[in-house]
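K.L.:
sharing a model prediction with you, sequence too.
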Amino acid sequence: MSIVPAAIDEIPVFAEVDMGAGDQSSSTIVRATVVQASTIFYDTPATLDKAERLLAEAVSYGAQIVVFPEAFVGGYPRGSTFGVTIGNRTAKGKEDFRKYHAAAITVPVGPEVDRLAAMAGKYKVYLVMGVIEKEGYTLYCTVLFFDSQGHFLGKHRKLMPTALERIIWGFGDGSTVPVFETPVGKIGAAICWENRMPLLRTAMYAKGIEIYCAPTADSRDIWQASMTHIALEGGCFVLSANQFCRRKDYPPHPEYEFSGEQDLSPESVVCAGGSVIISPSGTVLAGPNYDGEALISADLDLGEIARAKFDFDVVGHYARPEVFSLTVKDHPNSPVNFTSSGKPEGSHK
């Protein structure tokens, strides 16, 4: 399957960015692509194969940074209730969770992370990938970052799952809110409705984010207003990637049950995409796309960041630290901490 990229009226000539780690580019133009495509649900190896095909296609169009949707690896369990009502969980719901857990990946050590890193290195591209991460038997909605040399840079765990997501995903903490300085810009991510959290956004602005990635599962028109606001507020490029899914992209009933299943046909659109790229001035550079699976690309003039921040720098000349301040607790929170008794080895007293 070939996915046609969103049209760019005129592709400017630009110097290639040297993707070597630590090198500084003389170019201010970066080609960015957001992927709008569906997971192959419950089949992580096949999803990784699909991701590599899409990545190769994006790079063939000149992409230097590629952003995939929320939960692309592992799947966004749209429409599923996992058999949960207040005070009760069904046997079918517990089995659904077992299968969902089996499709998740371990981070940073694991074959799936190794393969994603190898893909980034093979295609010489910065890769931002939405995954479902498992740590023991708790799942997290996570974004992984890889550089163009094939190195795993780090991760961001969703801080606040929305609504029923809280039943199946754990909560991230302040230790995974990174912004990575790279030759193509300072890159970070917030996932779906996290983007509505002004204090989280402020923390990312304070870290100097320039390419703000927003993997999401929200395909409503109103999502575009949030993305435009963030671009203007942060003086940054916003790259929002969403899946485009039909009912047939999920396992059939009764293996996978959607709420309101009787109203769905195999061709019913259950997530309409809306992936978009927006400049620091609020200009829509590519998208939003609601037509199907697609690669949405644009050329980012990083000089736009300085021009936008001349007007408004939310953590710079527009800040009022004598009136407002934010404290970010960026250390890991562990539910169990072991401390030594300090007794000499072999002591029983």
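P.N.:
Yep, that arrived.
K.L.:
would you map the helices across the stretch 1-150 of the chain?
P.N.:
All helices of the stretch 1-150 of the chain, identified by DSSP state H, counting those that start in this stretch, fall at 44-60, 91-103, 111-123.
K.L.:
ok, the stretch 151-300 of the chain next?
P.N.:
Secondary structure of the stretch 151-300 of the chain (DSSP H, counting those that start in this stretch): helices located at 165-168, 198-206, 222-234.
K.L.:
let me have those helices in a markdown table, adding distance to residue 71 and mean neighbour count as columns.
P.N.:
Placement of C-beta: from N, CA and C, glycine included. A markdown table is the format used below for the helices of the stretch 151-300 of the chain (distance: least, Cβ to Cβ, whole Å; neighbours: other Cβ atoms under 10 Å):
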| stretch | distance to residue 71 | mean neighbour count |
| --- | --- | --- |
| helix 165-168 | 10 | 16 |
| helix 198-206 | 19 | 18 |
| helix 222-234 | 16 | 19 |
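K.L.:
mind checking which of those is nearest residue 151?
P.N.:
Residue 151 lies closest to helix 198-206 among those, at 21.6 Å (Cβ to Cβ).
K.L.:
other SSEs contacting that closest one?
P.N.:
Helix 198-206 is packed against helix 222-234, with contacts defined by 3 or more Cβ pairs under 8 Å, 6 or more residues apart in numbering; DSSP states H and E.
K.L.:
confidence-wise, which helix or strand of this structure is lowest on average?
P.N.:
Using mean pLDDT, DSSP states H and E, strand 84-85 stands out as the lowest-scoring helix or strand of the chain, at a mean of 92.
K.L.:
neighbouring contacts of it?
P.N.:
If you take Cβ atoms under 8 Å, 6 or more residues apart in numbering as the criterion, strand 84-85 is touched by 93, 164, 167.
K.L.:
low-confidence bits of the protein, can you list those?
P.N.:
1-27, 341-349 (pLDDT under 70).
K.L.:
centroid residue for it?
P.N.:
residue 215 (3.8 Å; Cα atoms, centre = their mean).
K.L.:
who's in contact with that one?
P.N.:
Residues in contact with residue 215 (Cβ under 8 Å, 6+ apart) are 67-72, 128, 130, 143, 189, 191-192, 240-242.
K.L.:
mind listing which of those residues are in strands?
P.N.:
Of the contacts of residue 215, the ones assigned to strands by DSSP state E are 67, 128, 130, 143, 189, 240.
K.L.:
follow-up on the earlier one: direction included, what does the least confident helix or strand of the chain pair up with?
P.N.:
According to DSSP bridges, strand 84-85 forms sheet pairs with strand 88-89 (antiparallel).
K.L.:
is it true that residue 285 touches residue 301?
P.N.:
No: counting by Cβ atoms under 8 Å, residue 285 does not reach residue 301; the two are 9.5 Å apart.
K.L.:
so which of those two has more stuff around it?
P.N.:
residue 285 (22 against 18; other Cβ atoms under 10 Å).
K.L.:
now do the strands in the stretch 151-300 of the chain.
P.N.:
Using DSSP state E, counting those that start in this stretch, the strands of the stretch 151-300 of the chain run over residues 152-157, 179-182, 185-189, 211-213, 237-240, 244-246, 269-272, 275-278, 284-289, 294-301.
K.L.:
which elements pack onto the last one?
P.N.:
Based on contacts counted as 3+ Cβ pairs under 8 Å, 6+ apart, the elements that strand 294-301 packs against are strand 29-36, helix 44-60, strand 275-278, strand 284-289.
K.L.:
any idea how far the shortest one is from the chain center?
P.N.:
Okay, so that is strand 275-278. A distance of 13 Å separates the centroid of the chain from that of strand 275-278, by Cα atoms, centre = their mean, to the nearest Å.
K.L.:
apart from its chain neighbours, what residue comes closest to residue 43?
P.N.:
Spatial nearest neighbour of residue 43, excluding adjacent residues (Cβ to Cβ, 6 or more residues apart in numbering): residue 103 at 7.4 Å.
K.L.:
can you count the residues close to the one you found?
P.N.:
When counting by other Cβ under 10 Å, one arrives at 21 neighbours for residue 103.
K.L.:
what about it, distance to residue 141?
P.N.:
According to Cβ to Cβ, to the nearest Å, residue 103 stands 13 Å off from residue 141.
K.L.:
determine the residues that are contacts of both of those two.
P.N.:
With Cβ under 8 Å, 6+ apart, residue 103 and residue 141 have common neighbours residue 132.
K.L.:
how many residues are close by residue 111?
P.N.:
Neighbourhood size, residue 111 [other Cβ under 10 Å]: 12.
K.L.:
and it, how far from residue 131?
P.N.:
Distance of residue 111 to residue 131, computed by Cβ to Cβ: 13 Å.
K.L.:
OK, contacts around residue 233?
P.N.:
Contacts of residue 233 by Cβ under 8 Å, 6+ apart are 201, 205, 312, 314.
K.L.:
rewinding a little: can you tell me which of the helices of the stretch 151-300 of the chain is nearest to residue 81?
P.N.:
It is, among those and with distance given as Cβ to Cβ, helix 165-168, at 8.7 Å.
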